[in-house]
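In: Provided below for reference: sequence and predicted model.
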Amino acid sequence: RIEIHDAGGVPEALARLFADQAFRGAVCVTTLSPGLLSFRNVRLPFRDDKRIGQTLAFALEPLIQQPLDGVFIDYAVTGRAESSEIFAALVDRALVGERTALLAPYVRDTAVIDIDAVPLASRLMQKPGFPACALLLDIGVRDATAIFAGKGRILHIRHFRFGGDTATAAIAEVLRIDSTAAEAMKQSGELPEAAEEAVREV
């Protein structure tokens, strides 16, 4: 693990990571923040995978704010009956190109570009006894991701521009304590009622 800020930026962090020859020339799996993607749920009136692949982009075109040739689209079928329920993820082609170019000097192939928190959700859904309907919250320092899962499938993803630091700041403000004490209180889970209310309002 390499802290990007301490390294001086993403290119510098990658150079430090791949200075370890064990990683050079590897097949790479990377992820993008959900905040960089958009997600759509659509229904198509057929079940055939080939027809879904041929039609999905045109079904999504009225729902997005940029030309189709400027985005990558991936999708999962979340339900099939008379029609197909589709969960689609869209990302700017330029962003994918930038990520691939950053990794290209070091790796043999970028095999998978996934979405933050999705690998964790997929892993959890494979566990015996995982509930039929679940909400996974992945709370980072500055943002948070909600993954809605049902019957072993990811049904939707939402990204929120607040995270653990936001809650810590709210606790510090309402209790008039410094951020270190507020962070320790937050992690303990033992919050006074006023602090709980402040966190809920975040």
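Out: Arrived safely, thanks for sending.

In: Run through the helices of this protein in chain order.
Out: 4-7, 10-17, 49-60, 93-103, 118-125, 164-175, 179-188, 193-201 (DSSP state H).

In: next one: the first one to chain centre, how far?
Out: The reference is to helix 4-7. Computed by CA atoms, centre = their mean, to the nearest Å, the separation of helix 4-7 from the middle of its chain amounts to 21 Å.

In: If you average pLDDT over each of the helices of the chain, which is lowest?
Out: Of all those, the minimum mean pLDDT falls on helix 193-201 (a mean of 77).

In: now that one, how far from the centre of its chain.
Out: 26 Å.

In: quick check: angle from it to helix 164-175?
Out: Per axes from the mean of the first three to the mean of the last three CA atoms, to 10 degrees, the angle that helix 193-201 makes with helix 164-175 is 140 degrees.

In: who's in contact with helix 193-201?
Out: Ala167, Ala170, Ile171, Glu173, Val174, Leu175, Met185, Lys186, Leu191 (CB atoms under 8 Å, 6 or more residues apart in numbering). C-beta: built from backbone N, CA, C; applies to glycine.

In: For the fifth one, which residues are in contact?
Out: The neighbourhood of Val174, defined by CB under 8 Å, 6+ apart, consists of Ala194, Ala195, Glu197, Ala198.

In: The last one too?
Out: Under the criterion of CB under 8 Å, 6+ apart, the neighbours of Leu191 are Ile171, Met185, Val199.

In: For these, which single residue is the most surrounded?
Out: Ile171 (25 neighbours; other CB atoms under 10 Å).

In: Tell me which residues touch it, please.
Out: Ile177, Ala182, Met185, Lys186, Leu191, Ala195, Ala198, Val199.
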